[in-house]
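**Student:** I would like to see how this sequence folds:
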Amino acid sequence: INPPPPNLDGLIWGPITRDDLTKIVELAGRCYLSDGGLHFLFEPDEIISDFFPDEPGAAIGALNADGQLVACNAITLSGDSRSLRATIVGYVRPDMRGRGFGTYLMRWSQMQAESLLAGAAADQRVLRICTESLTETANRLYGAHGFKQVMEELVMRRDPDMPLPDRALPPDVTVTSWQPDLADQFFQAYDSAFRERPGFPGYRSATEWVDSWMDDDFRPEWSLLARTGEVPLGFLTGTSNPPHGYVMQVGVIPTMRRRG
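**Tutor:** Just a heads-up that it's a prediction; the model follows:
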């Protein structure tokens, strides 16, 4: 039995589909302006992948009297019978928060998850929330429903018109841009720099690591390897999603840190 939705006049609750994409994008845009995040993660293609992937799931939303979407949630399933993962994603319009939407959508999602995850053993079920802009209020809501934060990525921005610091490389260090025949050395620098990081993936080979991030957004001319001779000391990989550019990963091997 689904929990009853907030009793607010003029709202109509029901399933949402790809036909509602424009309304979801408009709602996501309002949340982005209020909560922050990376703009491209709120664009139509990303919304489709979050709400309507080619996997089992369900999505619900509330329309006001003007036909605008004021809240929505989706839960989708991935994995197989050995390990199933249900992922929750959703939005509530900023001016409609504090009225019970979040609590209702959390309960609705968890009840949907009970059905979606029924095919896996209890110790192989994963229920997670995915958000691109975690606010304090949202964090309290998730914590109240038993969720614990397990991964976080912070984004720092820099004006590209700002002058660059005048800092020379250490002696005998050279920098080379990405080339496929340097993949092993890029990987060696990555592996040494990131091995002690919590949740380190532990890629088995340079090929596996490169395959994890090589796509149309990758910018080889921005991606650099610092070396002394043939010994890799540090690396940087760059991507672009116009009008933005990104340092995707940057790392220095432990023995060469704090040397500029």
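**Student:** any idea which helix or strand carries the residue nearest the centre of the chain?
**Tutor:** The chain has E132 as the residue nearest its centroid, 5.8 Å off, counting by CA atoms, centre = their mean. For E132, there is no host helix or strand (DSSP states H and E).
**Student:** residues in contact with it?
**Tutor:** Contacts here follow CB atoms under 8 Å, 6 or more residues apart in numbering; on that basis E132 touches 37-38, 41-42. Just so you know, the C-beta spots here come from the backbone N, C-alpha and C atoms, and that holds for glycine as well.
**Student:** Would you map the strands across the stretch 101-250 of the chain?
**Tutor:** In the stretch 101-250 of the chain, the strands defined using DSSP state E, counting those that start in this stretch lie at 125-129, 174-177, 224-228, 231-241, 244-252.
**Student:** for those strands, which one ends up most surrounded?
**Tutor:** Comparing the strands of the stretch 101-250 of the chain by mean neighbour count (mean count of other CB atoms under 10 Å), strand 231-241 ranks first with a mean of 20.
**Student:** List of residues touching that one?
**Tutor:** 40, 173, 178, 185-186, 188-190, 192-193, 213, 217-219, 222-227, 245-253, 256.
**Student:** now with 6 Å?
**Tutor:** 40, 185-186, 188-190, 217-219, 222-226, 246, 248-250, 252-253, 256 (CB atoms under 6 Å, 6 or more residues apart in numbering).
**Student:** circling back: which among the strands of the stretch 101-250 of the chain is found nearest to R93?
**Tutor:** Set against R93 and scored by CB to CB, these come closest in strand 125-129, at 18.5 Å.
**Student:** and that closest one, what does it pack onto?
**Tutor:** If contacts are counted by 3 or more CB pairs under 6 Å, 6 or more residues apart in numbering; DSSP states H and E, strand 125-129 sits against strand 83-92.
**Student:** The strand it packs on pairs with which strands?
**Tutor:** Taking DSSP bridges as the criterion, strand 83-92 sits next to strand 69-80 (antiparallel), strand 125-129 (parallel) in its sheet.
**Student:** Let me know which of the ones you listed is the nearest to G29.
**Tutor:** strand 69-80 (11.2 Å).
**Student:** buried set for the closest one?
**Tutor:** Judged by neighbour count using 16 or more other CB atoms under 10 Å, the buried positions of strand 69-80 are 69-77, 79.
**Student:** Could you pull up the mean pLDDT of that strand?
**Tutor:** The average pLDDT for strand 69-80 rounds to 91.
**Student:** next one: stretch 145-162
**Tutor:** Average pLDDT, stretch 145-162: 87.
**Student:** Can you give the distance of that stretch from its chain's centre?
**Tutor:** Centre-to-centre, stretch 145-162 and its host chain are 9 Å apart (CA atoms, centre = their mean, to the nearest Å).
**Student:** Same check on stretch 224-237?
**Tutor:** Distance, centroid of stretch 224-237 to centroid of chain: 28 Å (CA atoms, centre = their mean).
**Student:** Stretch 43-52 too?
**Tutor:** The answer for stretch 43-52 is 12 Å, by CA atoms, centre = their mean.
**Student:** what's the answer for stretch 144-162, then?
**Tutor:** With CA atoms, centre = their mean as the basis, stretch 144-162 stands 9 Å off its chain's centre.
**Student:** thinking again about what came up before, format the strands paired with strand 83-92 as JSON lines; extra columns: distance to I16.
**Tutor:** Output for those, formatted as JSON lines (distance: least, CB to CB, whole Å):
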{"stretch": "strand 69-80", "distance to I16": "6"}
{"stretch": "strand 125-129", "distance to I16": "18"}
